[in-house]
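A.B. asks: Return a 3D structure for these sequence lines:
(chains A and B)
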Amino acid sequence: MEAIYLYNTLTRRKELFEPIKPPLVGLYVCGPTVYGEGHLGHARAAITFDLMFRLLTAVGYKVRYVRNITDVGHLVGDADGGEDKIAQKAKLEELEPMEIAHYYTEKYHDAMRALGVLSPSIEPRASGHIIEQIALAKKILDNGYAYVSNGSVYFDVEKYAAHHNYGRLSGRNIDDILTGTRDLDGQSEKHFSADFALWKNASAEHIMRWPSPWGDGFPGWHAECSAMSAKYLGETFDIHGGGMDLMFPHHECEIAQSTAATGHSAARYWVHNNMITIGGQKMGKSLGNFITLDQFFTGTHPLLSKAYAPMVIRFFILTAHYRSTLDFSDDALLAAEKGFLRLTKAWRVLRETACTEPVALDSELKNKCLAALCDDMNSPVALSYLFDEVGRINSHVDGKAKLSDAELTDLRSVFDLVMGEILGLEIPVVEGSGTLAGVMDLVLEMRATAKNEKNWAVSDLIRDRLATSGITVKDGKEGATWEIKN
RNA sequence: GGUCUGAUGGCCGAGUGGCUAGGCACAGCUCUGCAAAAGCUGCUACAGCGGUUCGAGUCCGCUUCAGACCUCCA
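C.D. replies: Below you'll find the model as predicted:
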């Protein structure tokens, strides 16, 4: 099995990945809070860990990939009167909270499918695990790391910090956290503002509520991931992933919760993807500078010159390493689209000319690509190796430098494996079948006749009119071919 | 203010001290009736200043600039 190296946020260095019980791997990733449209940032997180899921699987691991849906418990503000995001939106639109959650969950799934993101092994919802979250809060209470206050349960950060290292994931100093947060107004339910809710008392008008030993309420945001990861992956598991912006407080609190409940932290490797920026600034809800995935797919945003195929978005994201910020611009996307088209054209050639039988290969190209991917998922480098082959493939098509059958087969299996199986890219569908294909055959035949008669006026007219309709004619050595420009 | 990251050619973006990442754009050439497509060739950058080293984009220090987190955020 290929050795995989991953950058572990916990140790701030690249480490050899060693699962607890090979070949099993437990992977937990924070999914979306379903109260709004998905944007490019959601795509990046999903694609990053989709790549991890695919890579681990491809090298032989048996992965249980758990990615949650947060449909309750995510507070708008940390103030004591903080309202649940989904409940707030529901009130605004006079909908049942679950209608909101359902609507955006469906939209999220649609977008993920389009982006080639595989469905995880389990996709648990926070609202379906209230019992587990109550149990977690109880256990932490029993262990003395939480307190009940006015029907809510809060995690006692100061007490926890006295025995454990609170802040080790995010590199935060507990003294700074505590001294900086002692000045609470007397109204607060919390002892310190750094304390966070494990369970939240629901006020009379609050629409999302469940019974608990402390009265009606709802679970705190951080509790769900600890509860669900423990339920499906066990008290300790291999990898926990998520966006860098979740490092603090969310992931820090998760570690504290698990440690307070079980005596040890749950995940061994913490992996964080970086942000998408726009004009050098983080793309995000709070800044209001995000572009939704629907807008990309339809081209309906002032910053977009056109619609982009989901696969182009995926390719664009994979051209950067997951731990670097990736700056979005229409120009960058345009460039990515052209590059992607060039790469997939070569891939299509391989699909059409090379033998379909899978071969056991140990080619240099495959090894190079796998080595790059296994080195902390360096997708841009793997792609650069594939690009190196495009010239050879095109020369072969031009008849300038023939590739042997063995070479073609080898190239095809590497492209299928690396581009398809691991990077999850797909060749865009060309509607070159059925009625249209028949008509095009006829049109190109007529044009060929005109060309033979040196009737350039007619042949050029055909070509130009087709171009107006979005069809590009390309004259090759063995006759003309066509494709739909997208 | 605290903590942490980063600064690479026209643009995007890799680079684990030692020969050219790659893509897009651009220029020239080949092919072609013309064009498109494709191929070939060219384009050698690492914020600034010091230091370590036989050798630094890559390590160390300082400076400048940018960003992230410290509230919700993928």
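
A.B. asks: so where do the strands sit in the stretch 251-400 of chain A?
C.D. replies: With DSSP state E, counting those that start in this stretch, the ranges of strands along the stretch 251-400 of chain A come out as A:267-273, A:276-278, A:281-282, A:326-328.

A.B. asks: got it, and the stretch 1-150 of chain A?
C.D. replies: Counting by DSSP E, counting those that start in this stretch, one finds strands in the stretch 1-150 of chain A at the ranges A:5-8, A:13-16, A:24-29, A:62-67, A:146-149.

A.B. asks: Serialize the strands of the stretch 251-400 of chain A to a markdown table and add fields for mean pLDDT, distance to residue A:67 and mean neighbour count.
C.D. replies: No exception for glycine: its C-beta is placed from N, CA and C like everyone else's. Output for those, formatted as a markdown table (pLDDT from 0 to 100; distance: least, C-beta to C-beta, whole Å; neighbours: other C-beta atoms under 10 Å):
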| stretch | mean pLDDT | distance to residue A:67 | mean neighbour count |
| --- | --- | --- | --- |
| strand A:267-273 | 96 | 13 | 23 |
| strand A:276-278 | 94 | 19 | 20 |
| strand A:281-282 | 92 | 22 | 14 |
| strand A:326-328 | 94 | 21 | 20 |
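
A.B. asks: Let's have those strands in a markdown table, adding distance to residue A:383.
C.D. replies: Formatted as a markdown table, the strands of the stretch 251-400 of chain A follow (distance: least, C-beta to C-beta, whole Å):
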| stretch | distance to residue A:383 |
| --- | --- |
| strand A:267-273 | 17 |
| strand A:276-278 | 18 |
| strand A:281-282 | 25 |
| strand A:326-328 | 14 |
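
A.B. asks: Quick check: residue A:201 touching residue A:214?
C.D. replies: Yes: assessed by C-beta atoms under 8 Å, residue A:201 is found in contact with residue A:214 at 7.0 Å.

A.B. asks: Find residues that contact each of these two.
C.D. replies: The contact sets of residue A:201 and residue A:214 overlap at A:151, A:152 (C-beta atoms under 8 Å, 6 or more residues apart in numbering).

A.B. asks: got the contact list for the closest residue to residue A:13 other than its chain neighbours?
C.D. replies: Counting by C-beta to C-beta, 6 or more residues apart in numbering, residue A:7 is the residue found nearest to residue A:13 once chain neighbours are left out, at 7.0 Å. Contact analysis of residue A:7 by C-beta under 8 Å, 6+ apart lists A:13, A:14, A:15, A:271, A:323, A:376.

A.B. asks: so where's the stretch 1-150 of chain A uncertain?
C.D. replies: For the stretch 1-150 of chain A, the stretches flagged by pLDDT under 70 are A:74-83.

A.B. asks: Look through it and state the residue closest to RNA strand B.
C.D. replies: Proximity of the stretch 1-150 of chain A to RNA strand B (C-beta to the nearest atom of the strand) peaks at residue A:41, 2.3 Å away.

A.B. asks: Now do that residue against residue A:242, distance only.
C.D. replies: Plainly put, residue A:41 is 12 Å away from residue A:242 if you go by C-beta to C-beta, to the nearest Å.

A.B. asks: do residue A:62 as well
C.D. replies: 22 Å.

A.B. asks: before we move on, what about residue A:96?
C.D. replies: Taken as C-beta to C-beta, the span from residue A:96 to residue A:242 is 28 Å.

A.B. asks: So between those two, which is more surrounded?
C.D. replies: For the pair residue A:96 and residue A:242, the greater number of neighbours falls to residue A:242 (24 against 12), based on other C-beta atoms under 10 Å.

A.B. asks: Once you drop chain neighbours, what's closest to that one?
C.D. replies: residue A:30 (3.9 Å).

A.B. asks: And for residue A:395, the neighbour number?
C.D. replies: Neighbourhood size, residue A:395 [other C-beta under 10 Å]: 13.

A.B. asks: which stretches of the stretch 301-450 of chain A have low pLDDT?
C.D. replies: Applying pLDDT under 70 to the stretch 301-450 of chain A flags the ranges A:356-362, A:430-433.

A.B. asks: which bits of it sit near RNA strand B?
C.D. replies: Residues of the stretch 301-450 of chain A lying near RNA strand B by C-beta under 7 Å from any atom of the strand: A:319-321, A:324-327, A:329, A:331-332, A:334-336, A:338-339, A:342, A:345, A:375-376, A:378, A:380-381, A:383-384, A:387-388, A:390-391, A:394-395, A:397-398, A:400.

A.B. asks: All set now, cheers.
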